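K.L.:
could you look at this predicted model? Sequence included:
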Amino acid sequence: MFAEIITIGDEILIGQIIDTNSAWMAKELNKIGVQVKQITSVSDGAEHIVNALIEAKTRADIILITGGLGPTKDDITKLTLAKYFNMPLRSDEATLKHVESFFARLNRPMLDVNIRQADVPDGCTVIQNKNGTAPCMWFDVEGKIFVSMPGVPFEMMYLMEEEILPRITASFKLPFIVHKTILTVGLGESFLAKEIEDIEDALPNHIKLAYLPRLGQLRLRLSAVGNNEAILKEEIDVEAQKIIERIRPNVAAEEDLALEKAILDLMQANNLMLSTAESCTGGYISHLITQHAGSSAVFAGGAVTYSYEMKESVLGVKHETLTTFGAVSEETVREMAQGAINHFKTDYAIAVSGIAGPDGGLPGKPVGTVWIAVASKNTVVSKLFTFGNKRIQNIERSATAALGLLLNLLKQDLK
């Protein structure tokens, strides 16, 4: 069973808003056994909308449409659908009563444009939108399902959860789709693919392997489709374990977790505390950690020490270390990491100092030079990295590399 998602709105195409609706819908559809084959964004133009509908019909059984249902002139989705399906508009009594009560609760007068929100193509199934005035419209035409929903995320989500997904489940016999994700660090995509090539080649036809790279990280996602969920889970676990055993030193998590969350979980399970000492990453590592609920159980705090003075006064880096070796050096980051453990009284610490760019390079230390140290109370591990000349990417790569080094140290200590 295949679906296609069409999002309508110039605001998406000019980058004014980000299309989060499609990602959310795709995830929810996957849970019930519906595979999304394509996601399309089109402008608020009738011709573009119609062309998208015609093409989607050739690829998918279910076409989900969001956007363009507001009361203003630029919202033309409903009129376009009426013409596309050759259905005249009619006023839906239940929708009109809902709109009237909606404005009555707000103690606001209804305008003609608000009244026209109750107009729907005569032939669709109307699904009331309890969180707004634009109704959801369900079309069953020539064996294809078309569903038009508002683009406002909380309105769309409610309709999907309470109405659309249950109706799809009741209308079709759907297979099960099972996923298993393995998070890895420290291996490039091509190297990892070569390492597990024989395992991938031997996968059963109904199990597929996808490579999902991110700066410094790589997620491996095994996906299985079939009619028996229990058997699929058993099969996919067997294949996942083959991969995990082959690349175990590079496995950060055996589930779909962010790298920092995997570290937080591991440290919390062992009652360990963490601190950070950041220079070129400017607090980005701390941000990654603290975006997760419950991070306070592990993360004690961090210091962003950009200047020599701050490195000395907050972290206790020796003045002679800085003047002799510089801020971007192995000696400095090792003292930063030890200083963070002493200052924040933690079990482990991360320290990063580098030249993020795009300028600031020095002889022997070009832009992208980053020294990272991770430390426990008894051990300090440091490593030099050379990245590119793009500032944001260097910051992200530094954070991932630092977290990867910490994970390796934790694994070694917790054996």
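P.N.:
Received the coordinates, thanks.
K.L.:
buried ones in stretch 76-85?
P.N.:
Across stretch 76-85, burial judged by 16 or more other C-beta atoms under 10 Å covers 76-78, 80-85. Backbone N, C-alpha and C define where each C-beta goes, glycine included.
K.L.:
same question, stretch 140-159
P.N.:
Under 16+ other C-beta under 10 Å, the buried positions of stretch 140-159 are 145-152, 155-159.
K.L.:
out of those, flag the one nearest to Leu218.
P.N.:
Nearest to Leu218 among the buried residues of stretch 140-159: Met157, at 30.4 Å, using C-beta to C-beta.
K.L.:
ok, that closest one - contacts?
P.N.:
If you count contacts by C-beta atoms under 8 Å, 6 or more residues apart in numbering, Met157 has them with Trp24.
K.L.:
how about the contacts made by Pro121?
P.N.:
Contacts of Pro121 by C-beta under 8 Å, 6+ apart are 78, 81-82, 85, 87-90, 137, 139.
K.L.:
same question for Gly70.
P.N.:
By C-beta under 8 Å, 6+ apart, the contact list for Gly70 reads 134, 150.
K.L.:
what about the strands in the stretch 151-300 of the chain?
P.N.:
Shown for the stretch 151-300 of the chain, the strands assigned by DSSP state E, counting those that start in this stretch span residues 176-185, 207-214, 217-226, 251-253, 274-278, 299-304.
K.L.:
what does the third one rub up against?
P.N.:
Contacts made with strand 217-226 from outside it, assessed by C-beta under 8 Å, 6+ apart, are listed as 33, 35, 175-185, 187-189, 192, 203, 206-213, 232, 235-236, 239-240, 243, 252, 256, 259, 400.
K.L.:
let's see that with 6 Å instead.
P.N.:
175, 177-185, 189, 206-210, 212, 232, 236, 239-240, 259, 400 (C-beta atoms under 6 Å, 6 or more residues apart in numbering).
K.L.:
mind listing what's buried in it?
P.N.:
So strand 217-226, judged by 16+ other C-beta under 10 Å, has buried residues 217-220, 222-224, 226.
K.L.:
within the sheet, what are the partner strands of that strand, with directions?
P.N.:
strand 176-185 (antiparallel), strand 207-214 (antiparallel) (DSSP bridges).
K.L.:
quick one: mean pLDDT over it.
P.N.:
Across strand 217-226, pLDDT averages out at 96.
K.L.:
which residues touch Glu331?
P.N.:
321, 325.
K.L.:
measure it to Asn86 for me?
P.N.:
77 Å (C-beta to C-beta, to the nearest Å).
K.L.:
next one: Leu203
P.N.:
47 Å.
K.L.:
looking at the two, which is more packed in?
P.N.:
Leu203 (16 against 9; other C-beta atoms under 10 Å).
K.L.:
for the stretch 251-400 of the chain, which segments count as helices?
P.N.:
259-269, 284-290, 308-315, 319-325, 330-344, 391-413 (DSSP state H, counting those that start in this stretch).
K.L.:
and the third one, what other elements does it pack with?
P.N.:
Helix 308-315 makes packing contacts with no helix or strand when contacts are defined by 3 or more C-beta pairs under 6 Å, 6 or more residues apart in numbering; DSSP states H and E.
K.L.:
go again using 10 Å as the cut-off
P.N.:
Where contact means 3 or more C-beta pairs under 10 Å, 6 or more residues apart in numbering; DSSP states H and E, helix 308-315 is packed against strand 274-278, strand 299-304, helix 319-325, helix 330-344, strand 348-354.
K.L.:
need those in JSON lines (columns: distance to Leu410 and mean pLDDT).
P.N.:
Shown next, in JSON lines, are those (distance: least, C-beta to C-beta, whole Å; pLDDT from 0 to 100):
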{"stretch": "strand 274-278", "distance to Leu410": "10", "mean pLDDT": "98"}
{"stretch": "strand 299-304", "distance to Leu410": "14", "mean pLDDT": "98"}
{"stretch": "helix 319-325", "distance to Leu410": "27", "mean pLDDT": "97"}
{"stretch": "helix 330-344", "distance to Leu410": "14", "mean pLDDT": "98"}
{"stretch": "strand 348-354", "distance to Leu410": "7", "mean pLDDT": "98"}
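K.L.:
quick one: closest of these to Gly360.
P.N.:
That would be strand 348-354 among the helices and strands packed on helix 308-315, by C-beta to C-beta, at 9.7 Å.
K.L.:
where does pLDDT dip in the stretch 51-200 of the chain?
P.N.:
Along the stretch 51-200 of the chain, no part satisfies pLDDT under 70.
K.L.:
tell me which of the strands paired with strand 217-226 is the most buried.
P.N.:
Mean neighbour counts were compared across the strands paired with strand 217-226 using mean count of other C-beta atoms under 10 Å; the top stretch is strand 176-185, at a mean of 20.
K.L.:
I'd like the distance from that strand to the chain centre, please.
P.N.:
14 Å (C-alpha atoms, centre = their mean, to the nearest Å).
K.L.:
again, but for stretch 163-178
P.N.:
24 Å.
K.L.:
so this structure: which segments form each domain?
P.N.:
2-171, 184-253, 259-413 (automatic domain parsing).
K.L.:
give me the distance from the second one to the chain's centre.
P.N.:
Relative to the chain's own centre, domain 184-253 is displaced by 19 Å; criterion: C-alpha atoms, centre = their mean.
K.L.:
check what pLDDT Arg214 gets.
P.N.:
88.
K.L.:
surely it meets Gly188?
P.N.:
No - under the criterion of C-beta atoms under 10 Å, Arg214 makes no contact with Gly188, lying 11.9 Å away.
K.L.:
pull the contacting residues for the residue of the chain most remote from its centre.
P.N.:
Distance to the chain centre peaks in the chain at Glu320, reaching 44.2 Å (criterion: C-alpha atoms, centre = their mean). For Glu320, the contact set (C-beta atoms under 10 Å, 6 or more residues apart in numbering) comprises Glu331.
K.L.:
and the one 5 residues further on, by the same measure?
P.N.:
Applying C-beta under 10 Å, 6+ apart, we find Phe325 in contact with 318, 331-332, 335, 371.
K.L.:
quick one on the thing from earlier: minimum distance to Leu165: which of the strands of the stretch 151-300 of the chain has it?
P.N.:
Proximity to Leu165 (C-beta to C-beta) singles out strand 176-185 among the strands of the stretch 151-300 of the chain, at 14.0 Å.
K.L.:
what angle do helix 391-413 and the closest one make with each other?
P.N.:
Calculated by axes from the mean of the first three to the mean of the last three C-alpha atoms, to 10 degrees, strand 176-185 forms an angle of 90 degrees with helix 391-413.
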